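1. sequence and predicted structure, then a few things I'm wondering about:
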Amino acid sequence: MGDSLTPEISAAMTRRQFFRRSTAGIAIGIPALATLLTTDGFGADTATDPKTGGLVGLPHFPPKARRVIFLHQSGAPSQMELFDYKPNLVKWQGAELPDSVRMGQRITGMTSAQSSFPVAPSIFKFSQYGRSGAWISELLPYHTKIVDDITIIKTVYSEAINHDPAITFLQTGFQQPGRPSMGAWTTYGLGSENQNLPAFVVLISQANALNPDQPLFSRLWGSGFLPSRYQGVKFRASGDPVLYLSNPPGVSTVTRRRLLDGIGKLNRLLAEKYADPEIDTRVAQYEMAYRMQTSVPDLMDLSKEPESTFELYGPDSRKPGTYASNCLLARRLAERGVRFIQLYHRGWDQHNDLPRDIALQCKGVDQPSAALILDLKQRGMLDDTLVVWAGEFGRTVYCQGKLTGTNYGRDHHPRCFSIWMAGGGIQRGLTIGKTDDYCYNIVEDQVHVHDLQATILHCLGIDHLKLTYKFQGRYFRLTDVGGFLVKKALA
Amino acid sequence: MSRTSLDSPLRNAKRWRGFLIQPIVCRWLPIAAVGLCLTPLGAGQAPPNPPEKPLDFNRDIRPVLSDNCFACHGPEEESRQGNLRLDSKESVFADRGGYRIIAPGSSATSRLYQRISSKEKRMPPASSGRSLTPKQIELLREWIDQGAKWQSHWAFDPPKHPAIPEIKDKTWPRNPIDYFTLARLEAEGLKPSAEADKATLLRRVSFDLTGLPPAPAEVDSFIANQSPDAYEKKVDQLLNSLHYGERMAMQWLDLARYADTHGFHIDSLREMWPWRDWVIDAFNRNMPFDEFTIEQLAGDLLPEATLEQKIASGFNRNNMINFEGGAIPEEYHVEYVVDRASTTATTWLGLTMGCARCHDHKYDPIKQKEFYRFYAFFNTVPERGLDGYEGNAAPVLQLPSAEQKRQMVDLNQQIASVLTAMPEKEVLALRNEWQKTRIATLPEPPGGGLVTHYRFNGDLSDDFSRYDGKLVRGEVVYEDGPTGKAAEFSGEAQVNLGQAGDFDVGKPCALGLWVNLYGLKSSEVLQKKDASEHWTGYELGFGDVAYAGRHQRNLRFVVRLAARWPDAAIEVRTKDRVPMDAAHHVLVNYDGSGKAAGLKIYVDGKPWETETVKDALQGTFHTSASLEIGNKNIGGLFQGQLGDLRIYTRTLTDTEAENLAVHLPARVLLTELADTPAAEIATLQPDKPPQEADIGELAKAESKEQKQERLEKQRQARLSEYFLMHDAPERYKQLYSRLAGLRKEREKLEKSITTTMIMAEMSKPRDAFVLGRGQYDNKGEKVTPGVPSFLLPMSRDLPPNRLGLAKWILDPSNPLTARVVVNQYWQQYFGTGIVKTAEDFGSQGEPPSHPELLDWLATEFVRSGWDVKAMQRLIVTSATYRQSSRASRELIERDPENRLLARGPRFRLPAELVRDNALAVSGLLNDKIGGPSVYPNQPKGLWEEMAFGEGYSGQSYAQSSSSDLYRRGMYTVWKRTVPPPSLTLFDAPDREKCTARRAVTNTPLQALVLLNDPTYVEASRALAVRALHNGGKSDRARIDFAFKLATARTPNAQEQAVLLSSLREFRSAYRQDQANASKLLSVGETKADSTLGAGELAAWTTVASMILNLDETITKQ
């Protein structure tokens, strides 16, 4: 029997068996097999690799990373408070943002009615750390320990200026709904490497008291026009970790096993009559569901983690649903060969009271993010795991609301923002890109969201131009019509 | 219609210029060396099969050229290379001065073949990402050598009624469909399968026409009925079932991207179910497809449009809408219109029109400008771009019940008559006269015992200079308030009022102030308590928030006094919630009794009923801590407005409370407005008609003058209101109070009326433009509504609006509409359409498997007067449909997707039917038709964990109760950002976009749903109860009964043996473990039948679960 949870694998396995059984003496070529592998009616011109369920011919070249952990900082962290040190801003505190800098570029409906756009310098201190001498804000003390492991890019830019389109853009390569997410593209292309877990897993930090007001949308990990089996599976902190995972009350493992045996027997009897390979697939899927019932709780059970793990990730890591706990789970998922692990952490949308709120927010994010890198490194996994830490855009240098010496807010700013990447395929201890003195426009090394996506796929051994899917007559790809590798970042 | 018009001389000139500048792009220049060189197939490549019959351009060649070549050599001018179009006959066969792209009959001299088979300058180039397979190269060679017969794209020529083909086996066909399918099978050397057995056929057709399984008795009587037209009779009966409309609507809802929420960002609720009801009803009434189309695209534009026709026009209001704070209205408005244009093109024309949004279509001859002309039809809806804060967005149609209608007419009449009875002029004169003298007689605000008074009139000083407030951090600003100025706190200011409000347990006191909360949440207002967890002191604030629409929330006023919180404390709160829509006056009286009863709360001058939460104060609540505004300890500081804070060392009387809340503001107004009489009485004016939306205008900052004017108006209105409520002649007082009451009642009635979003036209239509790269702010040439020129022209007799468009779509010579629609029907029955790409009939779509059949069906559909039921009947009564789906492995291998139709359809039921079937089989189904969506069981917290938080609808999931839990899947509330998981796991779409076909996947998560979802566990129990009660006495009989309910057949001996042995195992397990048995039986909302032993029922429940999980149960075969 096929023994992975990726549906394609089982489909492939069962169908291979079906061929062995049913076509004695008849030579069946790969094309025929490939045709049979795509009975969902879509993607008829693609063949899948029976070992992984990914596409035949992928990866396009030897990958540096085998999996991705994407730490999405939803709401858009302020680059000026975290990574992009702008000492000159103090001089212009309260001064109007010059037109020569703003250049009439569009701003959101939240501040477009403001009569003035005063410059708000960050009140937080920066210092240089590590051999690389990267500038890091006092808000991120734990990040100072990983500066030599990560590459900071200060010049990523987006096209969207509001959350919904910008998050959708970052996750699917397009501002409007309808496209597959990065994780879906990746699993469609590369399939799965693990035996008992989904290939694409999503973890969402539960809203904290500070700022829960950021919605998320399942399209962010959806499969768009790809078949729905490629969508991310959300692991939840309360209730069943995977929807409908637990047996109903009163159903023991023994009873469930017998029930599955019975269903299997009856389905196999049916298969004799109808010869439909879908029936074989269904039998295999029931077996996988059964295995998943063991493997998922085992994954979620942190009781065997040593004390040192919780020390590393911080006290929150004991609380299910926190960002810290999800970072730890991400490592456990990575260990088990899950291909794409997508975290979402909300609370960065600091339109007002930014100094107070970002400090609180960083307390929850700084340590676990750094811990994940240190943990992967000590396990030798940082070499083949790509970690990305990014929000959907940055924040404005000008103040939203009232500017005082100690308080200010910042609106959405897509023209430059800071992210970091680390691990498989990525340089270590590097800072890329330069923004202007106002942290408003990019001066050097601009990185479009599509460039970032192309680079992520590249680390996985995928040529982003070649991973396509025909839908409505067009060959779509994650990077739409753009995407250039961020060569400086590549190891 | 001339297709060559696309190659105008002007365009050629432009291309030529491009060619001169960039000679490198011309990849088709002659290559001397290639000549006759045929590239041999590489080692290991299989030799292509020689074609057995003449190649067909549309079937065999165009798809290859389109997919591999058109992107650079197709309709799009911008990126066209080398002055060559391979989608144009003229371009392909032109004499190019010594060489031809295609020389019919001679592949060797055809440049096309030379280049695709060349080693060095091979086409397509590697950089294109496309490449031809050896087989495709051979196909092209063969086609050229066969004479290169060119055809225009099949789907763009009107279908001709084809002759019924000749076939050998004349006994098989039942209707013309079968001649077409059999002719193909005979050509392929295949035979059709035998007819499916009657039970299987009945189950198949029941799912297909009603979405529900046949009852066992129905199966039996159908099997027993030997009359030759038994099946046809059954089909008629199913077509007349009201569930037929539901089944047909399901596919339509996917196309229409129907959902119950707006989709973007906060994704709150909308109400479109009246439109859904209309669709179900239209199918049930067998509305001809042309009417069905016209009413949905343009029902509002029909002369004397009926209510139903307007509801129908909601088809194109099902698009997603947005109100994310900060979003730019015009940007989203463009998205709505693009969505409408794309959805309409996909649904009726099978065109991927949206591809021409940013540039000319790369494969089909649709110019970018033509896309925006099509777009222009949908651009003139009076909508706002950012809307939907509170449910439906304008334009909406109210759908009052007869009773509500009557009430509304009545209320409006009453309001009108009240307004007539108090002419504004007359009232205005009285009011201005009154204004001159009234101040002299107004009561003074209560003075005795007043020890502290903050006017917040520009600073934090205390009138008595004892406890002047201090700003600890942040800033306070002073704005217009109910009694002059008031202090505004942005949530960052911390204010310390020192020892003001130094109350003690035995001393009576009173504290009054004006408050307006700005934040969305509960908030402390004042507190004087120490910082410890078990604090001593007191606090006043608003809590227990309840949301009632956009930023509209109601809160209880709460007072807490504690010697030691929370055990030695009093907590009292108002029984009702204060609507936080404006500033309210609150006053707390404390009589010094140390009891909850000694606290009295006044809101806006009236004593409010309170409820006691705690009444256990022991000792004093006196503290030396300072009085502070807000609470710095629990996150956010106070955010809102405070005015006229007064502290007394005695309790105030009811009259005094009213004085502070009602008369004092009037006093201030009379002073402020002493020299400015009112020019109108705003509160007496009839309602202003709502203004039409304008897109693209961003909010502008208010100028000083505008602000001044606005405040002035507000003050005048407030003073008039005071006059009319307190001092006007009795007659007017009464009338005014009546008016206020009536208006309130009308508002309530309005909110209770169901609405649905509809299409409408702006009185002054908005202009449409070509948008450069599809961007909203990149306006190019202005365009008028129009249709793509490669299709039939729109008649001058048709109005250039949606109604004209609908009629153009339905023109019998429109090549696409009827084909596209019958193909959708075919797909519903056979899983795959005759054209597999149901959403794309363009050159990148798959050519039809049975082109003549498709054309026959399409022309027949039009000929029948677009008779929808007749078309369904035709398909399901064909021998083709009635075939058994059992097949040999060889046949499945040869034709895995059943494109040749040598067998009947077999595929997993659509998501909604997986659910409906389990509920129907178990007897739990509530088969009510239509109405609002329902909230069946789903895992807890799914909506909440992705929600915006509070303040909007659709953020938390409130499960339905009783029979609503068992409605059909199509009525499950569809929240776009969190679609119902048990449906989406079975491939139901999220309804963000128009979906023309669903994938059918097979995953472990589906197994988990069927095994563990409480809905299916409960259905298993219900099925078990049914079997035990009605299945006979023996285990065998009961198993047969349950199995037959689920599959319409009796299990064979082997199957029975498996089920029986499983039953025995479960029985012995559950008889020994009654506790587990009871647990299993407790799942679900219905109560388990206690007359059946728990162990026995649990065992049968498990057997029933097996049956509900069978591949056969969830499959139409």
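-> Good, I have the coordinates.
2. what residue ranges in the chain are flagged as low confidence?
-> No chain specified, so I'll use chain A. Applying pLDDT under 70 to chain A picks out residues A:1-46, A:207-213.
3. actually it's chain B I care about, not the one you picked
-> Within chain B, the stretches falling below the threshold (pLDDT under 70) are B:1-53, B:520, B:548-551, B:631-636, B:689-690, B:693-694, B:696-700, B:949-950.
4. mind checking the SS state of the closest residue to chain A within it?
-> At 2.6 Å from chain A, residue B:844 is the closest residue in chain B, using CB to the nearest CB. All C-beta atoms are positioned from the backbone trio N, CA, C, and that covers glycine. Following DSSP: H, G, I helix; E, B strand; the rest coil, residue B:844 is assigned to coil.
5. from what I can see it touches residue B:68, true?
-> No: with the criterion set as CB atoms under 8 Å, residue B:844 and residue B:68 do not qualify as a contacting pair; they are 10.8 Å apart.
6. in what helix or strand does the closest residue to chain B within the stretch 151-300 of chain A lie?
-> Going by CB to the nearest CB, chain B is nearest to residue A:250 of the stretch 151-300 of chain A, at 3.2 Å. Residue A:250 is part of no helix or strand when elements are defined by DSSP states H and E.
7. give me the more crowded residue out of residue B:844 and residue B:68.
-> residue B:844 (26 against 21; other CB atoms under 10 Å in any protein chain shown).
8. separation between that one and residue B:352?
-> 8 Å (CB to CB, to the nearest Å).
9. now for these two: what residues contact both?
-> A:472, A:473, A:474, B:364 (CB atoms under 8 Å, 6 or more residues apart in numbering or on different chains).
10. which of those residues lies closest to residue B:307?
-> Residue B:307 has its nearest neighbour among these in residue A:472, at 35.9 Å by CB to CB.
11. I figured that closest one was touching residue B:351, is that so?
-> No: taking contacts as CB under 8 Å, residue A:472 lies outside contact range of residue B:351: 9.5 Å.
12. give the residues shared as contacts by the two.
-> Residues within reach of residue A:472 and of residue B:351 at once, by CB under 8 Å, 6+ apart, are residue B:840.
13. between these two, which is the more surrounded one?
-> More crowded of residue A:472 and residue B:351, by other CB under 10 Å: residue B:351, with 30 against 21.
14. tell me the contacts of the residue nearest to that one when sequence neighbours are not counted?
-> With CB to CB, 6 or more residues apart in numbering or on different chains as the measure, residue B:345 is the residue that lies nearest to residue B:351, at 4.4 Å, once sequence neighbours are left out. Counting by CB under 8 Å, 6+ apart, residue B:345 touches B:351, B:352, B:353, B:354, B:374.
15. do residue A:259 as well
-> Residue A:259 is in contact with A:251, B:1011, B:1062, B:1066, B:1102, B:1105, B:1106, B:1109, counting by CB under 8 Å, 6+ apart.
16. try 7 Å this time
-> Contacts here follow CB atoms under 7 Å, 6 or more residues apart in numbering or on different chains; on that basis residue A:259 touches B:1102, B:1105, B:1106.
17. how about these in a markdown table, adding distance to residue B:1018 and secondary structure?
-> As requested, the contacts of residue A:259 are arranged in a markdown table below (distance: CB to CB, whole Å; DSSP: H, G, I helix; E, B strand; the rest coil):
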| residue | distance to residue B:1018 | secondary structure |
| --- | --- | --- |
| B:1102 | 13 | helix |
| B:1105 | 10 | helix |
| B:1106 | 16 | helix |
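18. okay if I get these as a markdown table plus distance to residue B:228 and neighbour count?
-> Putting the contacts of residue A:259 into a markdown table (distance: CB to CB, whole Å; neighbours: other CB atoms under 10 Å in any protein chain shown) gives the following:
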| residue | distance to residue B:228 | neighbour count |
| --- | --- | --- |
| B:1102 | 44 | 30 |
| B:1105 | 41 | 29 |
| B:1106 | 38 | 27 |
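19. what does the stretch 301-450 of chain A put close to chain B?
-> With CB under 7 Å from any CB of the partner chain as the criterion, the stretch 301-450 of chain A comes near chain B at residues A:353, A:402, A:404, A:407, A:412.
20. nearest to residue B:709 among these?
-> For those, the closest approach to residue B:709 (CB to CB) belongs to residue A:402, at 24.5 Å.
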